[in-house]
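*Asks:* Take this sequence and fold it.
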Amino acid sequence: MHRLRWSWAAVAVAAALAGPGCGRGLVKVTGVVRLDGKPVEGAMVTYHPVDPNKGRIAHGTTDKEGAFQLSTTRPNDGAFPGEYKVTIVYAEGAEAPPAEGMKAAFEGLEKARKDKPRPPRYNIPGKYADPGQTDLREKVPPAGTVTFDLKSDK
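*Replies:* Now for the predicted structure:
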């Protein structure tokens with residue numbers, strides 16, 4: 001009976017120690033993306049570790065104000081400390097018109113995909129989408145909120 005209590009105690013201690021270990025070392029990272037001084041909504045911000053052996057990819061999506069929070073293993077958990085190349089990608093998809101029922105929704109989406117696409121709201125230069133070309137670099141932990149002020153190709 002005494003041995004059984006020790007076993008359960010050992011399991012409980014191991015579980016308690018393992019729980020917080022998920023995400024250990026992650027640092028909260030928040031930021032803002034602006035293009036020509038205006039916030040960019042719906043852009044994917046991705047942090048690519050400069051040394052893949054010393055970090056993991058982290059990403060976030062910008063809101064109406066251009067704000068984002070990075071996620072690595074869980075939503076908004078942050079990024080591991082280290083040096084990163086940053087990519088910022090914005091892409092719009094086809095929007096289906098309002099419809100009643102699944103069949104009408106799929107038909108509307110197919111029609112929208114075939115129609116001439118409208119120009120995107122934001123024209124972020126392509127170099128920011130490629131980890132090999134981007135000149136955006138960040139160090140985690142950051143010194144406060146990260147701001148990316150991008151300039152469009154005009």
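
*Asks:* the strands in the chain, which residues?
*Replies:* Ranges of strands in the chain, per DSSP state E, are 30-35, 38-39, 44-49, 58-61, 67-69, 82-89, 137-140, 146-150.

*Asks:* need those in CSV with mean pLDDT and mean neighbour count, can you?
*Replies:* C-beta: built from backbone N, CA, C; applies to glycine. Formatted as CSV, the strands of the chain follow (pLDDT from 0 to 100; neighbours: other C-beta atoms under 10 Å):
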stretch, mean pLDDT, mean neighbour count
strand 30-35, 97, 20
strand 38-39, 96, 14
strand 44-49, 96, 21
strand 58-61, 95, 20
strand 67-69, 97, 20
strand 82-89, 96, 19
strand 137-140, 96, 16
strand 146-150, 96, 16
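
*Asks:* Of these, which is nearest residue 122?
*Replies:* strand 30-35 (5.4 Å; C-beta to C-beta).

*Asks:* if we can go back for a sec, format the strands of the chain as CSV; extra columns: distance to residue 121.
*Replies:* Compiled in CSV, those are given as follows (distance: least, C-beta to C-beta, whole Å):
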stretch, distance to residue 121
strand 30-35, 10
strand 38-39, 10
strand 44-49, 14
strand 58-61, 15
strand 67-69, 17
strand 82-89, 14
strand 137-140, 25
strand 146-150, 14
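
*Asks:* how close does residue 37 sit to residue 150?
*Replies:* For residue 37, the distance to residue 150 (C-beta to C-beta, to the nearest Å) stands at 10 Å.

*Asks:* nearest residue to residue 64 other than its sequence neighbours?
*Replies:* Leaving aside its chain neighbours, residue 64 sits nearest to residue 41 (5.1 Å; criterion: C-beta to C-beta, 6 or more residues apart in numbering).

*Asks:* Contacts only, for the one you found.
*Replies:* By C-beta atoms under 8 Å, 6 or more residues apart in numbering, the contact set of residue 41 is 62, 63, 64, 65, 66, 121.
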